[in-house]
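Asker: how would this look folded up:
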Amino acid sequence: MLTLLLAILIVLLGLLAIPVGLDYQVNWRGKLQGEIDLSWLFGLLHVRIPMETTTSPSSDQQTHAKPKRRHKPKSRRRAKPLAAWRLRPFRRRLLRFVRDLWRAIHKRDLRVQLRIGLGDPADTGQLWALMGPLSAVLTQSESVAFELEPDFMDSSLDFASSGRIRIIPLQLLGLTLALLLSPPFWQGVRRMRSAG
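Answerer: Below is the predicted model of the structure:
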């Protein structure tokens, strides 16, 4: 029985070590559009996934069907991610995870355009303070073009991206497990919960 479990584990690890290729073109401007070409087993398995959201209901249906409001219990507290970000060990560990994850993804002709606004200039400014330096780091590679534009006036999200990436699932799993097992990560989670 133990030999069988060990053999299954070895086969599973071997399958996770095979690279997965993604050729994609996706955009979001109020509606998700695009497609993803997924290849695995060195091109033997090939799947094309169309990305489209369903059309919104007509205006007649919207006027007749009013969604019921759901009231959240007042006793529930929401987590505050910025509270965790203020912890230096959490911030360093999370940035290291993002850097290692970015290096683990093999990229070609990657283009990302993002325009984001939170509706409140102060909140958008805080988000820009986090993402502005990150976009500068991400564009250091020649095969990557990353454009980030803040919208200080309106609440908006426009996204367009295309490129070719290759990932090794076992490598991503190892990076994620290392993050989840690190004490600074859980310190940040506790800080988020206590600040909520």
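
Asker: which intervals of the chain have sub-threshold pLDDT?
Answerer: 53-81, 137-141, 196 (pLDDT under 70).

Asker: all helices of it, in order?
Answerer: 2-16, 59-64, 81-85, 88-104, 121-138, 169-180, 183-195 (DSSP state H).

Asker: among these, which is nearest residue 154?
Answerer: Distance to residue 154, taken as C-beta to C-beta, is lowest for helix 121-138 among those, at 9.5 Å. Yep, even glycine has a C-beta here, placed from its N, CA and C like the rest.

Asker: got the CA coordinates for the closest one in CSV?
Answerer: C-alpha atoms of helix 121-138 as CSV (Å, rounded to 0.1, in the frame of the first residue of the first chain):
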residue,chain,number,x,y,z
PRO,A,121,-8.7,60.2,-5.2
ALA,A,122,-7.1,59.4,-1.8
ASP,A,123,-7.7,55.6,-2.2
THR,A,124,-6.5,55.7,-5.8
GLY,A,125,-3.4,57.6,-4.6
GLN,A,126,-2.7,54.9,-2.0
LEU,A,127,-3.1,52.2,-4.6
TRP,A,128,-0.8,54.1,-7.0
ALA,A,129,1.8,54.4,-4.3
LEU,A,130,1.8,50.5,-4.1
MET,A,131,1.5,49.7,-7.8
GLY,A,132,3.5,52.5,-9.4
PRO,A,133,6.9,51.2,-8.2
LEU,A,134,5.7,47.7,-9.0
SER,A,135,5.1,48.6,-12.6
ALA,A,136,8.6,50.0,-12.9
VAL,A,137,10.1,46.7,-11.6
LEU,A,138,7.9,44.6,-13.9
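
Asker: so how far is it from its chain's centroid?
Answerer: Put simply, helix 121-138 sits 16 Å off its chain's centre (C-alpha atoms, centre = their mean, to the nearest Å).

Asker: who's in contact with that helix?
Answerer: 82, 85, 98-99, 102, 112, 116-118, 144, 146-148, 150-153 (C-beta atoms under 8 Å, 6 or more residues apart in numbering).

Asker: out of the residues you listed, which sit inside strands?
Answerer: 112, 116-118, 144, 146-148, 150 (DSSP state E).
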